[in-house]
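Peer 1: got a predicted model here, sequence first, then my questions.
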Amino acid sequence: MAIDTRESVSAEHSGHTAPPVRPTRRRPGWLGPHLGRALVGAVGGYAFGHWIGNVIGSGYINVQGSGQNDVAIVLGLSIGVVGWLAGAGMLDYPLAKIAGREPLPPAPSKSWTRYLGPALDHKVIGLQYTVVVLLFFFTGGLLAMAIRTELLNPTSHVFGPGTYISVVSEHGTIMMMMASSIVIGPLGNWLVPLMIGSRRMAFPRVESFSLWIFAAGYLVILAALPLGGFPTGWTGYAPLQTQATGGMDAYLVGFAVIGIGMICAGFNLLATIINYRAPGMTWSRVPIFVWSVLATAALLTLATPTLVAAGLFGVLDRTAQTAFFVNEHGGSSYLWENLFWFFGHPEVYIMALPGFGIVAEIFPVFTRKPLFGYRIAAAGMIGVALLSFFVWQHHIFQSGINPDMRPLFMLTTELISIPTGFIFLNTMGTLWKAKIRYEVPMLFALAMGFNFLIGGISGVFLSDVPVNVTVHGSFFVLAHFHYTIMGGLVFAFFGGLYYWLPKMTGKMMDRRLGKWHFWAMFIFFNLTFLPLFLVGLLGQPRRVFEYAQNLQTLNDVSSVSAFFLGASFLIFVFNFVKSIFLEPKPAPPNPWNSLGLEWQTPTPVPAYNFARIPVVLADPYHYGTSDGQAVADLGPRTLSLAGVVAPAAGALDAQAVTGEEGSADPRPPIA
Amino acid sequence: MTTEPVAGSEFIAHEAPTLRETSEEIEYEMRSAEGAMWTGGRLVIGIGAFFFGSLAFAYFYLRSSNNEDLWRPNHITAPTGIGAAVFAFVVASALLYGYGTTRLRAGNTLDWEVTGWVTVLGGFTALGLQVWEFTQLSFFPGSSGYASCFIAWGVMNTALILGGLYWLETLLARWLRLRRAVLDDGGPARSTMPVARLFRANLEGCWYFWGFIAFVNLVFWVLFYVI
Ligand code: HEM
Ligand SMILES: [Cu+2]
């Protein structure tokens, strides 16, 4: 732990002589916080928690002789997460604070090993998030291949029904966890400070914590499989939830753990966007991607606590034997359904808005036109975020809610498609009469528009109660949300990666391979999921491993396409490895010739982002109008901050902020 | 891919080895940091509101469903004495702390230190009582909807009070280390030292949070013991 030298420096400022600085205890690198230590902590924590759980649980009647002790599993997983966090060094700072210390971060490291440990630079954390998110994505993808393999034939089987539903549940849960962070984690963290002209995040330690706990969630949800899997799908419906075996505990703990990470990520981004905008970065100049992150972060921060609470109730039901979701004991299984979807629908927009943000950011660059209806798009995002709290009952139209409630929620749901539609039209309006440069990011962004149109319109069908009665629980719903999430968000994410990776890594991705990846992904995505609308309309239920004989052709088209869709990501991986590591081609600082502030920085972006705090002069979308006008004054200063800030008496003098020990800087660390 | 230069890029040709900030930049970021404290403090309350709001939702949902007539058979109630004591300790601690904070603003640090540490003590007492109450229940956790909600309340309130205590204790401990320097610089209410400014912002957030703790305890005290 770094020593605290704040007092001495503060004393210096008030004229005292500083007491001598104690030498830091240096520990060898491999003992410090890093991934390996985190893994050891996780395993040790699990073993310890499991043991305590056995001690406690052995007195329970329901545990004795049942061969299953949920107390041990829950404690094992929870303490395992704590061990993981401790191993990653996430507890050092909070514990030091108990003693009144606020240890300074270690000097930023230039070695690649900084990616394996706790980081405070939002750009390092963003890349760490990218890796973890892709880990989630590819794991979930392999499970999807398993699902489609089983569905190749209506009656002869690869898996038994129990294994099949476990695979489906694991796939869905991993993917939903991934989708809630796929843009916010990698791109939100990496880009937001650069886009708003800030040198730092508001709470970099909270940001780092969100990453490590997100990674812990991966291990927890993976643990569901060796614990026997769970049969509920990603929605975890009770009463099945209460009856299920050990894997269910991993689902509940895992979602709560991921939820805590989502709250932390949103919290930090909100505080950053609200407070750390550069002078001149008024709300009407904030890039539209940042607006989408702002709306998403608000949803992450405020909707997710409900998921955590619901997870706690579920865990209590399964360990302390409460009866929240047990009708026979005064609980109600609908309580879970309501709590889950109260979170779940805002979650749906957590999985939509950042995608819109990316697309709206990419279109102006490749059409050289200003973003059409910027204000409406920003307002639409906030509107969608607010409305998303009032529509959740459309998921439980068929679950026995009071039928008189349905028209109300049908109305609110159709209402929310209005701002959604506006955002969509904004992006499309940008294309109007444009000369489009068909670069890889632009292709992905265009495909997002195409796919989301299908996904969104099928959603409006679903919100219509009579239609919902016929297709609820069928593959139609499944096709709907794959079109919005995979077709929308994931396409946008890959577009964003191709667009921003040159800045993030300093290397250009191969354009030809990128196009191959795009066309393969686009064609096979549609071939995989369009037939699923049909089989849904023809009555094939979700989450069932058998289906009617006459649906085999459509299913096989879907399955075979799914394998090609899966393979298309190998092109991406190959491109990534080749372009970044094997034959790196250095990227120019601004390869797409964008006006965005993030592109005005050197590559690689220095730890502190901007040599001078930029003074923002215009929004980044005035393409083709006043060419040559700078979006920001980046220094050496031609404009001073004067008028924006008047230095207060006693403010620190100009000093080197290197993050080294002994610095008096109490502000959040840069790196 | 194009290589035509973009407006503004000429300014970023060089990369300085270390960042040298001007005093106005430092001031600008100090204000951002103070603002972030403010925002963060309010957001924590927002997060808590949705967390406890979910419990309140569960309470009213199960109460109105009253499945199998098992919302609250025979109007069972958790031990009222202990419940009232938890409530009283929490509210008294929060009020006391609020008083201490106003004293600090008036420049009286000793009052704040004393009330602060007493609040920590009061919070720990409430915490101990809340946990002890679990051993004194006359009902089984799964015996009714009320019982289930009550168990969750006990767990969640323990976490809430622990959070408040952590926040307050870190502030008090921090103060012990900053004390001398800040007092020499005009005292905690007036010092312009960055650490003092951030300390004030933090203090403010913590005070609001204790207000929130008291509010939550009031609401659920009414729900579980009064009605
Ligand atoms: C135009 C806007 C949208 C409307 C009107 C809409 C409407 C609906 C309705 C009514 C359902 C319930 C179907 C049922 O189970 O019977 C549903 C399910 C769903 N939608 Fe949407 N939706 C929209 C956009 C989105 C977006 C943008 C996403 C995600 C990015 C999304 C993701 C989902 C998911 C994940 C489910 C159900 C999941 C499940 O049951 O497992 N939707 N949608
Ligand atoms: Cu919904």
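Peer 2: Happy to help now that I have it. Ligands and ions are numbered 1, 2, ... in the order given.
Peer 1: what lies in contact with stretch A:504-519?
Peer 2: Stretch A:504-519 is touched from outside by A:123, A:126-127, A:130, A:190, A:439-440, A:443-444, A:447, A:494, A:498, A:501-502, A:568-569, A:571-572, A:574-576, A:578-580, A:584-587, A:591, A:603-604, B:1, with contacts defined as CB atoms under 8 Å, 6 or more residues apart in numbering or on different chains. The C-beta positions use only the backbone N, C-alpha and C, and glycine is treated the same way.
Peer 1: just the buried ones from those?
Peer 2: Neighbour-count burial (16 or more other CB atoms under 10 Å in any protein chain shown) applied to those gives A:123, A:126-127, A:130, A:190, A:439-440, A:443-444, A:447, A:494, A:498, A:501-502, A:568-569, A:571-572, A:575-576, A:578-580, A:587, A:591, A:603.
Peer 1: which parts of the stretch 251-400 of chain A sit against ligand 1?
Peer 2: A:348, A:351-352, A:394-395 (CB under 6 Å from any ligand atom).
Peer 1: so who does residue 94 touch?
Peer 2: This is for chain A. B:Tyr166.
Peer 1: wait, chain B
Peer 2: B:Ala94 makes contacts with B:119, B:210-211, B:213-214, as judged by CB under 8 Å, 6+ apart.
Peer 1: apply 10 Å and report the result again.
Peer 2: With contact set as CB atoms under 10 Å, 6 or more residues apart in numbering or on different chains, B:Ala94 has these partners: B:119, B:122-123, B:164, B:207, B:209-215, B:217-218.
Peer 1: what's the helix or strand for it?
Peer 2: Secondary structure from DSSP states H and E places B:Ala94 in helix B:80-105.
Peer 1: ditto for A:Val293
Peer 2: Secondary structure (DSSP H and E) places A:Val293 in helix A:288-319.
Peer 1: so how far is that helix off the chain centroid?
Peer 2: Remark: helix A:288-319 is offset 12 Å from the chain centroid, using CA atoms, centre = their mean, to the nearest Å.
Peer 1: that helix and chain B, are they touching?
Peer 2: Yes - with CB under 10 Å from any CB of the partner chain as the criterion, chain B is reached by helix A:288-319 at A:297-298, A:301-310, A:312-313, A:315-317, A:319.
Peer 1: contacts only, for the most centrally placed residue in chain A.
Peer 2: In chain A, the C-alpha closest to the average C-alpha coordinate belongs to A:Ser181, at a distance of 0.4 Å (CA atoms, centre = their mean). For A:Ser181, the residues meeting the contact criterion (CB under 10 Å, 6+ apart) are A:129, A:132-133, A:136, A:188-189, A:210-211, A:214, A:217, A:258, A:261-262, A:265, A:300, A:350-351, A:354.
Peer 1: quick one: it from A:Phe481, how far?
Peer 2: 17 Å (CB to CB, to the nearest Å).
Peer 1: and the residue of chain A nearest ligand 1?
Peer 2: Among all residues of chain A, A:Gly459 sits closest to ligand 1, at 2.6 Å; criterion: CB to the nearest ligand atom.
Peer 1: in space, what's closest to that residue - neighbours in sequence excluded?
Peer 2: Closest residue to A:Gly459 apart from its sequence neighbours, by CB to CB, 6 or more residues apart in numbering or on different chains: A:His480 at 5.7 Å.
Peer 1: so where do the helices sit in chain B?
Peer 2: Applying DSSP state H to chain B gives helices spanning B:23-65, B:80-105, B:109-134, B:145-184, B:194-221.
Peer 1: could those be laid out in TSV, adding mean pLDDT and distance to A:Phe524?
Peer 2: What follows is the helices of chain B, written out as TSV (pLDDT from 0 to 100; distance: least, CB to CB, whole Å):
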stretch	mean pLDDT	distance to A:Phe524
helix B:23-65	94	40
helix B:80-105	94	58
helix B:109-134	94	55
helix B:145-184	95	46
helix B:194-221	93	51
